[in-house]
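In: I would like to see how this sequence folds:
(one chain, ligands or ions: 4)
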Amino acid sequence: MTEYRIVEIFESLQGEGYNTGMPAIFIRFAGCNLNCRWCDTNFRRYTPFTLQQILLHIQRYKSKNIIITGGEPTFVKALPLLLEQLKIAGYYIAIETNGLAQVDEHIDYIAMSPKFCYQTRYQEIKQAKADEVRIVVEDHPELIDFCHYIEQHIKAKRYFVSPCEQNGSFNMLQTIELLGQLNQKRVDNKWLLSIQTHKLANIE
Ligand SMILES: C[S@@+](CC[C@H](N)C(=O)[O-])C[C@H]1O[C@@H](n2cnc3c(N)ncnc32)[C@H](O)[C@@H]1O
Ligand SMILES: Nc1nc2[nH]cc(C(=O)O)c2c(=O)[nH]1
Ligand code: SF4
Ligand SMILES: [Mg+2]
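Out: Ligands and ions are numbered 1, 2, ... in the order given. Sure thing, here's the model as predicted:
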């Protein structure tokens with residue numbers, strides 16, 4: 001029987017990006033193809049779940065929105081099987097991904113967070129379209145070039161920069177400065193700010 005490696009399943013509000021405030025059930029899968037130095041998630045520990053156990057477990061929550069995350073959920077082999085069942089059960093499905101693999105067609109909303117720290121790999125991004133892109137603000141003079149590269153290569157409705165949180169602090173000044181540079185001499189307001197509001201609100 002297919003085993004899903006689940007870090008945690010919980011109900012909260014989407015804390016980031018355009019859908020901030022949306023009630024959702026988070027399904028967090030173990031494992032990742034990257035290892036971002038500042039990653040806020042322990043994706044190595046997990047509990048095995050069957051498909052039926054996941055479906056049963058999420059029934060306890062009120063929300064009909066699901067956020068599939070991880071780790072890197074696009075690398076979960078049996079994900080299509082689960083997504084199919086979630087769709088049959090009537091859930092709206094969003095995903096959080098780094099974009100290195102293509103996202104399944106059952107997904108309703110794609111939040112992609114391509115990673116500058118893996119400079120050698122960002123040309124390998126396989127998912128060329130997203131509903132939103134969120135770039136974490138890393139301390140590097142070429143980050144702005146990366147943002148421009150992503151804007152040119154990934155077609156998205158919205159582009160966000162997101163301060164990097166480390167030990168409870170966000171690099172806000174750096175983020176605001178980058179935003180200013182990205183939007184300089186433009187009237188389309190292409191680049192917006194996303195803060196991890198769940199951390200500010202002290203919720204999951
Ligand atoms: C833990 S990741 C999981 C999904 C996927 N692997 C990804 O990176 O998009 C979920 C989101 O949290 C962001 N994130 C992780 N650690 C962070 C940190 N320390 N500060 C700001 N955002 C962070 C990621 O960039 C991504 O948008
Ligand atoms: N509230 C809340 N919103 C989130 N949006 C994306 C998250 C993630 O870790 O993927 C996340 C998370 O961990 N908590
Ligand atoms: S890709 Fe996502 S889950 Fe993986 S290490 Fe980076 S932030 Fe963490
Ligand atoms: Mg998180």
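In: did I read that right, Phe146 in a strand?
Out: No: per DSSP: H, G, I helix; E, B strand; the rest coil, Phe146 lies outside any strand segment and is helix.
In: can you tell me the closest non-neighbouring residue to it?
Out: Phe116 (4.6 Å; Cβ to Cβ, 6 or more residues apart in numbering). (Glycine included, C-beta is placed from N, CA and C.)
In: for Glu11, same thing?
Out: Tyr61 (4.3 Å).
In: next, the most centrally placed residue in the chain: phi, psi?
Out: Closest to where the C-alpha atoms of the chain average out (Cα atoms, centre = their mean) is Glu96, at 2.7 Å. Main-chain dihedrals, Glu96, degrees, to the nearest 10: phi -110, psi 120.
In: one step back: pretty sure the residue nearest to Phe146 contacts Tyr122?
Out: Yes: taking contacts as Cβ atoms under 8 Å, Phe116 lies within contact range of Tyr122: 7.2 Å.
In: shared neighbours of these two, which are they?
Out: Phe146 (Cβ atoms under 8 Å, 6 or more residues apart in numbering).
In: tell me how far Thr175 lies from Thr50.
Out: 42 Å (Cβ to Cβ, to the nearest Å).
In: more neighbours, those two?
Out: The neighbour comparison of Thr175 against Thr50 (other Cβ atoms under 10 Å) goes to Thr175, with 20 against 12.
In: okay, that one: pLDDT?
Out: In this model, Thr175 is scored at 98, pLDDT.
In: which of the residues in stretch 67-77 are buried?
Out: Of the residues in stretch 67-77, Ile67, Ile68, Thr69, Gly70, Gly71, Glu72, Pro73, Thr74, Phe75, Val76 count as buried by neighbour count, 16 or more other Cβ atoms under 10 Å.
In: quick one: average confidence on it?
Out: 97.
In: can you give me the end-to-end distance of it?
Out: 17 Å (Cα to Cα, to the nearest Å).
In: what lies in contact with that stretch?
Out: Outside stretch 67-77, the residues that touch it by Cβ under 8 Å, 6+ apart are 4-5, 7, 14, 24-34, 41, 43, 79, 83, 93-98, 100-104, 107, 127.
In: what about ligand 2: which of those touch it?
Out: Gln14, Thr41, Glu96 (Cβ under 6 Å from any ligand atom).
In: any idea which of those is the one closest to Leu200?
Out: Nearest to Leu200, judged by Cβ to Cβ, of these is Gln14 at 13.7 Å.
In: tell me who's in contact with the closest one.
Out: Applying Cβ under 8 Å, 6+ apart, the residues near Gln14 are Thr20, Gly21, Met22, Pro23, Ala24, Asn65, Ile67, Ala94.
In: which non-adjacent residue is nearest it?
Out: What sits nearest to Gln14 in space, not counting adjacent residues and going by Cβ to Cβ, 6+ apart, is Met22, at 4.3 Å.
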